[in-house]
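Chemist: Kindly generate the corresponding structure for this input.
(2 chains)
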Amino acid sequence: MEALIDLLQKNALTPREDIARMLDMTVEQVDAAIARLEHEGIILGYQAIINREKWDTDVVTAVIEVKITPERDGGFDRIAARIAKFEEVQTCYLMSGGYDLLIVVEAKSLRGVAAFVAEKLSTIEAVQATATHFRLKTYKENGAFHQIDLAPERLAVSP
Amino acid sequence: MSIPIANAVRDIPRSGIRDFFEVVQTMGDVISLGIGEPDFATPWHIREAAIYSLEKGRTGYSSNLGLPRLRRAAADYVHQHFGVRYEALSEVLVSVGVSEAIDIALRAMLNPGDEVLYHEPCYVSYAPSIVLAGGVARAIPTRAEDHFALQAADLEKAITPRTKVLMLNYPNNPTGATMPPEELEKIAAVCVKHDLVVMTDEIYSELTYDGGTHHCIAALPGMKERTVLLHGVSKAFAMTGWRIGFVCAPQELIEAMMKIHQYAILCAPVMGQEAAIEALERGQLSMQNMRREYELRRNYIVRSLNDLGLECFKPRGAFYVFPKITSTGLSSREFSLRLLREKKVAVVPGTAFGPSGEGHVRCSYATALDQIKIAMERIAEFCEELPAGKAAAA
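Modeler: Residues are numbered from 1 along each chain as shown, chains lettered A, B, ... in the order given. Have a look, this model is predicted:
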């Protein structure tokens, strides 16, 4: 199961037939295993990693540190869920250290991010403070490199 | 003027792999399964450690035997992974890859006419290294039905009063074979009985699959004192170009090897030694990730070849498969040359690894899966286009 998850994490589009050959399983066994992983909520979804230098270059990504006051009932979870539900929010983590939530926000423009912070995020009562950082360039994302050429040169035949 | 060439050098053939490589060089768009090295670049943390050492200006010679820290790392590594304890400062020598270690170990041990046994098919350098060291090279063929594991009975039959050394290489290049522990014990017993030295090239030891563990012959009773253990960082840590190997052996032999090494080589490249320390001390995770990848590709290639009627056992080590191609009606060399010319896929004829490799080719799966996939499609086409009834391509 671990090897299957590994393969899907590296490339979810790997043909099932190839996965079967690599894992020494039948295609039916692979299909069943993937269906089980999806059903059990271990696999939540599949996404493409987009190079923002080449596509939709105007999209603005910001990382926002958020300090919140936890609630007596539910701690951080209810507030975090409330924030995570905004469609601008791509990622939302509860963090240790100097702030509580780290959220990654995507918007069509700088103004879009500003509006989200000013009108939606900061107005939530439990939110004490925010610090917004804008992404300038991406080098590596979810294990995929954006610009760096990694292919080593090799001889065609060697001992 | 005519340059004099020593008879011994004139008489040894060039590597069959080299010949083949030159044909491949003249062609474009070739998918190569002919490569005996990892397709991964050296893990970044290892490269980064070497860069750091260069920044620090560590660019001089090291001790002839190698950096003491590397020898300690190697001794600890061998103890942890092979179960044999060597004295870091007197029983370990850092060499320029295992290739140099083979050469100097043979030169340090052999007198003219001494016989060295090795199992075949085997790595291309063994027989020439023996001959160049003044020895007599004698091959013991291994068989596909034994999964190319050397049989103690065959070994015993081959021993003569002149036999001094047995060379072992498991996991094996070119077959991917590993040695079942019970057969290894029998071989050790034969070596003790006939008082042979065992020179064991265990460069692929980490690349043992199916959750199996590697068994080192030096760890068996009575063997450490008669074993020359050769290992290095090239294969497991994807560091072929750094040229760092090491030898663990009784002090007496290390001393003798050191004499040759110090005059011929002086010391292994120091930046490579620095990188090797990082690999041995902190490289396990990167190695395991690569190993996992190789294992998946092995599964893929073994099933694909068998589906094509190219019978192939599932090897448990290294990164080679050695399918039988006799169902095509072609010799190893014809198969490889025609496959290259007609379908632009490079494999190495089994005969490059000795006459007992006839009927087989070596395919390396140290190649990205998408490449392996295309290669398998092209081999399928190749087999289908052969005269009917030759290949059992389903």
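
Chemist: Off-centre distance for the helix ranked longest in chain A?
Modeler: The helix that spans the most residues within chain A, counting by DSSP state H, is helix A:27-39. Here the centre of mass of C-alpha atoms in helix A:27-39, compared against the chain's by CA atoms, centre = their mean, to the nearest Å, lies 23 Å away.

Chemist: elements contacting that helix?
Modeler: Contacting helix A:27-39 under the criterion 3 or more CB pairs under 8 Å, 6 or more residues apart in numbering or on different chains; DSSP states H and E are the following elements: helix A:2-10, helix A:16-23. The C-beta positions use only the backbone N, C-alpha and C, and glycine is treated the same way.

Chemist: give me the element the most centrally placed residue in chain A is part of.
Modeler: For chain A, residue A:91 is the residue whose C-alpha lies nearest the centre (CA atoms, centre = their mean; 6.0 Å). Secondary structure here is read from DSSP states H and E; on that basis residue A:91 sits in strand A:89-94.

Chemist: Tell me which strands that strand pairs with, and in which orientation.
Modeler: In the sheet, strand A:89-94 lines up against strand A:101-107 (antiparallel) (DSSP bridges).

Chemist: Any buried residues in the helix or strand following the strand it pairs with, and which?
Modeler: Heading C-terminal from strand A:101-107, the first helix or strand you meet, by DSSP H and E, is helix A:110-115. Neighbour-count burial for helix A:110-115 flags A:112-113 (criterion: 16 or more other CB atoms under 10 Å in any protein chain shown).

Chemist: Kindly tell me how buried residue 137 is, as a neighbour count.
Modeler: Looking at chain A here, since you left the chain open. 8 (other CB atoms under 10 Å in any protein chain shown).

Chemist: wait, I meant chain B there
Modeler: 20.

Chemist: Equivalent analysis for residue B:198, please.
Modeler: Summarising burial for residue B:198: neighbours were counted as other CB under 10 Å, giving 22.

Chemist: Repeat that for the one 5 residues further on.
Modeler: The number of residues packed around residue B:203, counting by other CB under 10 Å, is 24.

Chemist: Pretty sure it sits against residue B:233.
Modeler: No - under the criterion of CB atoms under 8 Å, residue B:203 lies out of contact with residue B:233, with a separation of 9.1 Å.

Chemist: Mutual contacts of these two, please.
Modeler: Residues touching both residue B:203 and residue B:233 by CB atoms under 8 Å, 6 or more residues apart in numbering or on different chains: residue B:245.

Chemist: Quick check: which ranges of chain B have low pLDDT?
Modeler: Confidence mapping of chain B against pLDDT under 70 gives the ranges B:388-394.

Chemist: got it, and chain A?
Modeler: Low-confidence segments of chain A, defined by pLDDT under 70: A:148-152.

Chemist: one step back: which of the helices and strands packed on helix A:27-39 sits most buried?
Modeler: Comparing the helices and strands packed on helix A:27-39 by mean neighbour count (mean count of other CB atoms under 10 Å in any protein chain shown), helix A:16-23 comes out on top with a mean of 19.

Chemist: follow-up on the earlier one: which residues touch the longest helix of chain A?
Modeler: Contacts to helix A:27-39, defined as CB under 8 Å, 6+ apart, come from residues A:1, A:4-5, A:8, A:16-17, A:19-20, A:23, A:25, A:43.

Chemist: How about the contacts made by residue 122?
Modeler: Using chain A here. In this structure, residue A:122 makes contact with residue A:130, judged by CB under 8 Å, 6+ apart.

Chemist: Wait, chain B was what I had in mind.
Modeler: Neighbouring residues of residue B:122 by CB under 8 Å, 6+ apart: B:139, B:167, B:169, B:172-174, B:353-354.

Chemist: restrict those to those near chain A?
Modeler: residue B:173 (CB under 8 Å from any CB of the partner chain).

Chemist: To chain B, which of the helices and strands packed on helix A:27-39 lies closest?
Modeler: Each of these was scored for nearness to chain B using CB to the nearest CB, and the closest is helix A:16-23 (3.9 Å).

Chemist: re the thing from before, how close does the residue nearest to the centre of chain A get to residue B:253?
Modeler: Relative to residue B:253, residue A:91 is positioned 59 Å away (criterion: CB to CB, to the nearest Å).

Chemist: Can you tell me the SS state at the residue nearest to the spatial centre of chain B?
Modeler: Residue closest to the mean C-alpha point of chain B, counted by CA atoms, centre = their mean, is residue B:173 at 4.6 Å. Reduced to three states with DSSP: H, G, I helix; E, B strand; the rest coil, the structure at residue B:173 is coil.

Chemist: Next, it: phi, psi?
Modeler: For residue B:173, the backbone dihedrals are phi -100, psi 120 (criterion: degrees, to the nearest 10).

Chemist: pretty sure it is touching residue B:321, no?
Modeler: No - in this structure, residue B:173 sits apart from residue B:321 without contact. The criterion is CB under 8 Å, and the distance is 11.6 Å.

Chemist: just to revisit the earlier point, want to throw the contacts of helix A:27-39 into JSON lines with distance to residue B:153?
Modeler: Rendered in JSON lines, the data for the contacts of helix A:27-39 read as follows (distance: CB to CB, whole Å):
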{"residue": "A:1", "distance to residue B:153": "43"}
{"residue": "A:4", "distance to residue B:153": "43"}
{"residue": "A:5", "distance to residue B:153": "46"}
{"residue": "A:8", "distance to residue B:153": "48"}
{"residue": "A:16", "distance to residue B:153": "46"}
{"residue": "A:17", "distance to residue B:153": "43"}
{"residue": "A:19", "distance to residue B:153": "42"}
{"residue": "A:20", "distance to residue B:153": "40"}
{"residue": "A:23", "distance to residue B:153": "37"}
{"residue": "A:25", "distance to residue B:153": "38"}
{"residue": "A:43", "distance to residue B:153": "52"}
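
Chemist: So which of the residues you listed reach chain B?
Modeler: Among the contacts of helix A:27-39, the ones lying near chain B by CB under 8 Å from any CB are residue A:23.

Chemist: and chain B, which of its residues are near chain A?
Modeler: Taking CB under 8 Å from any CB as the criterion, chain B approaches chain A at residues B:15, B:17, B:20-21, B:24-25, B:30, B:32, B:34-37, B:39-41, B:123-125, B:173, B:240, B:292, B:296-297, B:299-300, B:303-304, B:346, B:348, B:369, B:373.

Chemist: Can you read off the backbone torsions of residue A:62?
Modeler: The phi/psi pair for residue A:62 (degrees, to the nearest 10) is phi -130, psi 150.

Chemist: What separation do you get for it and chain B?
Modeler: Plainly put, residue A:62 is 29 Å away from chain B if you go by CB to the nearest CB, to the nearest Å.

Chemist: can you count the residues close to that residue?
Modeler: Neighbours of residue A:62 using other CB under 10 Å come to 20.

Chemist: And residue B:5, by the same measure?
Modeler: As a burial measure, the neighbour count of residue B:5 was computed by other CB under 10 Å and equals 9.

Chemist: likewise residue A:134?
Modeler: Applying the criterion other CB under 10 Å, we find 12 residues in the vicinity of residue A:134.

Chemist: Over to residue B:59?
Modeler: Here the neighbour count serves as a burial measure; for residue B:59 (other CB under 10 Å) it reads 11.

Chemist: list the contacts for it?
Modeler: Residue B:59 makes contact with B:270-271, according to CB under 8 Å, 6+ apart.

Chemist: From residue B:274, how far out is it?
Modeler: Taking CB to CB as the measure, residue B:59 and residue B:274 are separated by 10 Å.

Chemist: hang on, the earlier thing: out of the contacts of residue B:122, who's the most crowded?
Modeler: Each of these was scored by neighbour count (other CB under 10 Å); the top score is that of residue B:174, with 31 neighbours.

Chemist: Contact partners for it?
Modeler: When contacts are taken as CB under 8 Å, 6+ apart, residue B:174 is in contact with B:121-123, B:320, B:322, B:348, B:350, B:352-353, B:357, B:362.
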